[in-house]
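Participant: What would the 3D arrangement of this be:
(one chain, ligands or ions: 2)
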Amino acid sequence: MAKTLSNLEIPNETAVLVYINEDDSEDQTVEDELVGLCEAANVTPVAGIRQRLSRPYKGTFVGKGKVQEIALLAKECKAEVVLIDGEVSGMQQRNLEEQFQCRVVDRTQLILDIFARRARTREGMLQVELAQLTYMLPKLMSVYTKFERQKGGIGMRGPGETKLESDKRLARDKISTLKDEIEEVKRVRDQQRTSRRKHPFPFASIVGYTSAGKSTLMNRMAGTDVLVDAMPFATLDPTTRKIDLPDGYALFLTDTVGFIRHLPTHLVAAFQSTLEEVTFSDFVIHVVDLSNPAWEVQRDAVLSTLETLGAHDKPMLTLFNKIDVVPDKTELRRIVAEWPNSVAISAATGEGMADLQTAIKRLVQELLGMMKVLIPYAHQNLVQECYDFGRVLKEEYQENGIYIEAEVVDEMRQKLARYAIE
Ligand SMILES: Nc1nc2c(ncn2[C@@H]2O[C@H](COP(=O)(O)OP(=O)(O)OP(=O)(O)O)[C@@H](O)[C@H]2O)c(=O)[nH]1
Ligand SMILES: [Mg+2]
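Facilitator: Ligands and ions are numbered 1, 2, ... in the order given. The predicted structure is shown next:
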């Protein structure tokens, strides 16, 4: 499984993992998540240690005694990296590296590292570089310790690394160049869209916590071959496909990058161009991994990320996924009954797909309004648009024009208003 994703040229590194969650009921899921992230970044955990922190210590993030403990552990295990499951400042990082005598990497750097390895498109790579630089900028001044950051080490991979060696001003210049480049890539992509709308209609995005099963669902519904993997962030670049729904309805569906908790807002912003797909959707399909004990925390993390993106007001269909491995069916029924507009499915086995299609069809129908028009032959192009932006029920070539009965999106209704009959 690891072979499909890991870049074998990047050396494996050993790490001591430092957990900082306060709530002990979350221990297992927090550990599982960090170990999963390590696997995706080709890091081998050699030991784990925990400090329950409500607030990080100013100078060293963890407490004094814990610093000693970690230093000892890192030495014993000959760890190359100490990985802290939080956001560590540049000053804290420098202090800790001195104490630990090895490199210190935080959660955000680890995630960015995975993104850097996953990015395939130009846009994806530019966004990762932008995120890395934005994240590193405040840290730059304290980055130069005797454990000089080298190309290839965890937390330092990807396109941003060479520039990180330059000063803050250079980084800022680079950030602004990157933003321009992303804008340019985006502009070209928008131009290539032939339709009047920025996106085809109707258009929905699959969102959800990483590993919830978004790509598995996409593959099942659209017959795509998007990479599915148990490791987090298998998908980075979005894929869009048209899918057919019952009764002649259709939908454009996008599978995109997963969300994760504790990701700084400005990093989400760096992925604006990818996540724009979500903000332009007519509605969102939120996949929740019900088999994960932390599914509620994950669901809420997704909802708050959507809020950051300004996409929380969109109609949402919630899919409770992986029910093939959820033993308690009574509990399952209760959850679905309580959560508005939700369906229980298994993207893996196909269970619940009929209910899902009905639910999606209903959402698509809500976006459409019935219209009867007589389009003059001089404006024949509108006929095709009726097909593109709605569902045509009748098409008749008459003396004065083309008679169309169709369910179409609002924008199209406005466009057709002058040809409306009745
Ligand atoms: N048992 C079970 N496993 C599933 C189901 N759906 C997905 N999985 C598994 O969950 C893991 C993650 O699936 P993906 O489809 O890659 O998840 P994703 O949401 O696209 O994840 P990222 O792209 O990494 O954010 C894979 O190992 C899938 O085989 C399901 O319905 N049941
Ligand atoms: Mg995926």
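Participant: all contacts plus neighbour counts: C-alpha atoms, from now on.
Facilitator: Will do.
Participant: where are the low-confidence patches of the protein?
Facilitator: Counting by pLDDT under 70, the chain contains low-confidence ranges at 1-11, 140-167, 191-200.
Participant: quick one, domains of it?
Facilitator: Following automatic domain parsing, one finds the domains of the chain at 2-121, 203-365, 368-419.
Participant: what distance separates the first one from the centre of its chain?
Facilitator: The chain centroid and the centroid of domain 2-121 are separated by 22 Å under Cα atoms, centre = their mean, to the nearest Å.
Participant: TSV please, covering the domains of the chain and showing mean neighbour count.
Facilitator: Formatted as TSV, the domains of the chain follow (neighbours: other Cα atoms under 10 Å):
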stretch	mean neighbour count
domain 2-121	18
domain 203-365	19
domain 368-419	17
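Participant: out of these, nearest to ligand 1?
Facilitator: Ranking the domains of the chain by proximity to ligand 1 (Cα to the nearest ligand atom) places domain 203-365 first, at 3.3 Å.
Participant: got the end-to-end distance for the closest one?
Facilitator: End-to-end distance of domain 203-365 (Cα to Cα, to the nearest Å): 12 Å.
Participant: so how far is the longest helix seen in the chain from its chain's centroid?
Facilitator: Of all the segments of type helix in the chain, defined by DSSP state H, the longest one is helix 168-192. Centre-to-centre, helix 168-192 and its host chain are 20 Å apart (Cα atoms, centre = their mean).
Participant: picking that back up, format the domains of the chain as a markdown table; extra columns: distance to ligand 1.
Facilitator: Listed next are the domains of the chain as a markdown table, based on distance: least, Cα to the nearest ligand atom, whole Å:
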| stretch | distance to ligand 1 |
| --- | --- |
| domain 2-121 | 10 |
| domain 203-365 | 3 |
| domain 368-419 | 28 |
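Participant: export those to TSV and tack on distance to ligand 2?
Facilitator: Output for those, formatted as TSV (distance: least, Cα to the ion, whole Å):
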stretch	distance to ligand 2
domain 2-121	11
domain 203-365	4
domain 368-419	28
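Participant: Tabulate those in CSV, adding columns for distance to residue 173.
Facilitator: Converted to CSV, the domains of the chain look like this (distance: least, Cα to Cα, whole Å):
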stretch, distance to residue 173
domain 2-121, 20
domain 203-365, 16
domain 368-419, 41
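Participant: Would you map the helices across the stretch 151-300 of the chain?
Facilitator: Secondary structure of the stretch 151-300 of the chain, counting by DSSP state H, counting those that start in this stretch: helices at 161-164, 168-192, 214-222, 265-270, 272-279, 295-309.
Participant: Adding distance to residue 206 as columns, could you present these in JSON lines?
Facilitator: Output for the helices of the stretch 151-300 of the chain, formatted as JSON lines (distance: least, Cα to Cα, whole Å):
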{"stretch": "helix 161-164", "distance to residue 206": "32"}
{"stretch": "helix 168-192", "distance to residue 206": "21"}
{"stretch": "helix 214-222", "distance to residue 206": "6"}
{"stretch": "helix 265-270", "distance to residue 206": "17"}
{"stretch": "helix 272-279", "distance to residue 206": "8"}
{"stretch": "helix 295-309", "distance to residue 206": "11"}
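Participant: Enumerate the positions of the longest helix of the chain that are buried.
Facilitator: 168, 171, 174, 175, 178, 181, 182 (16 or more other Cα atoms under 10 Å).
Participant: Relative to residue 128, which of the domains of the chain is closest?
Facilitator: Across the domains of the chain, residue 128 has its closest neighbour in domain 2-121 (5.9 Å, Cα to Cα).
Participant: Next, the angle from the longest helix of the chain to helix 272-279.
Facilitator: With axes from the mean of the first three to the mean of the last three Cα atoms, to 10 degrees defining the directions, helix 168-192 sits at 40 degrees from helix 272-279.
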